[in-house]
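> Take a look and give me a structure for this.
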Amino acid sequence: MTRIDFYILPESAGPADSPVITACRLCEKAVGAGLRIYAHVDDRTTAEGFDGALWSFRQGGFIAHERYDGQAIEAPLPPVLIGSAEPPDTHHDVLVNLGTEVPDFFSRFERVLEIVAGDAAQRAASRTHYKFYRDRGYELNTFEQSADGGWTRRSTQ
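As a prediction, this is how the structure comes out:
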């Protein structure tokens with residue numbers, strides 16, 4: 001069954017701890033573990049922002065990625081795909097949900113990562129996502145970012 005992890009950013013998070021940069025760090029860790037990631041976005045603007053961040057968030061390196069629109073793309077596929085279409089079968093390890101809704105295909109993934117910004121609107125949307133997953137019996141984990149940038153497990157269902 002899919003494991004759902006919520007990453008809660010502090011209310012006072014700066015640009016270095018934005019949801020997009022946090023998603024980049026989580027993707028870097030997953031890619032390092034040999035996993036394939038699909039980053040679900042709602043729109044072109046978010047896709048462009050995440051695409052750019054994957055190129056520049058770490059000085060001297062980047063995470064191999066491509067945008068995916070549901071059409072076939074040439075092999076070899078990079079470890080990270082970004083899109084709003086249903087992902088290809090090759091990328092069902094980790095879903096990074098940067099969208100406002102829970103995508104219909106989330107249950108095909110081993111893990112779903114939900115990144116929660118510190119503002120009230122994001123937290124409210126996150127509570128809706130949390131309830132959605134909980135009501136369906138999924139394993140839920142919550143991690144809070146500490147002052148040193150590390151993560152502390154807050155609760156487990």
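> ranges for the helices of this structure?
Applying DSSP state H to the chain gives helices spanning 19-32, 44-56, 120-135.
> Let me have those in JSON lines, extended by mean pLDDT and distance to Asp104.
Yep, even glycine has a C-beta here, placed from its N, CA and C like the rest. Shown next, in JSON lines, are the helices of the chain (pLDDT from 0 to 100; distance: least, C-beta to C-beta, whole Å):
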{"stretch": "helix 19-32", "mean pLDDT": "94", "distance to Asp104": "20"}
{"stretch": "helix 44-56", "mean pLDDT": "93", "distance to Asp104": "18"}
{"stretch": "helix 120-135", "mean pLDDT": "93", "distance to Asp104": "12"}
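> ranking these by burial, who's on top?
Compared across the helices of the chain, helix 19-32 shows the largest average neighbour count, a mean of 20 (mean count of other C-beta atoms under 10 Å).
> How about residues contacting that helix?
7, 9, 15, 37, 39, 49-50, 53-54, 57-58, 63-65, 79-80, 93-94, 96, 98, 113, 115-117, 122, 145 (C-beta atoms under 8 Å, 6 or more residues apart in numbering).
> Now do the phi/psi pair for Asp119.
phi -80, psi 160 (degrees, to the nearest 10).
> residues contacting the residue nearest the centre of the chain?
Nearest to the mean C-alpha position of the chain, by C-alpha atoms, centre = their mean, lies Val96 at 2.1 Å. By C-beta under 8 Å, 6+ apart, the residues touching Val96 are 23, 26-27, 37-40, 113, 115.
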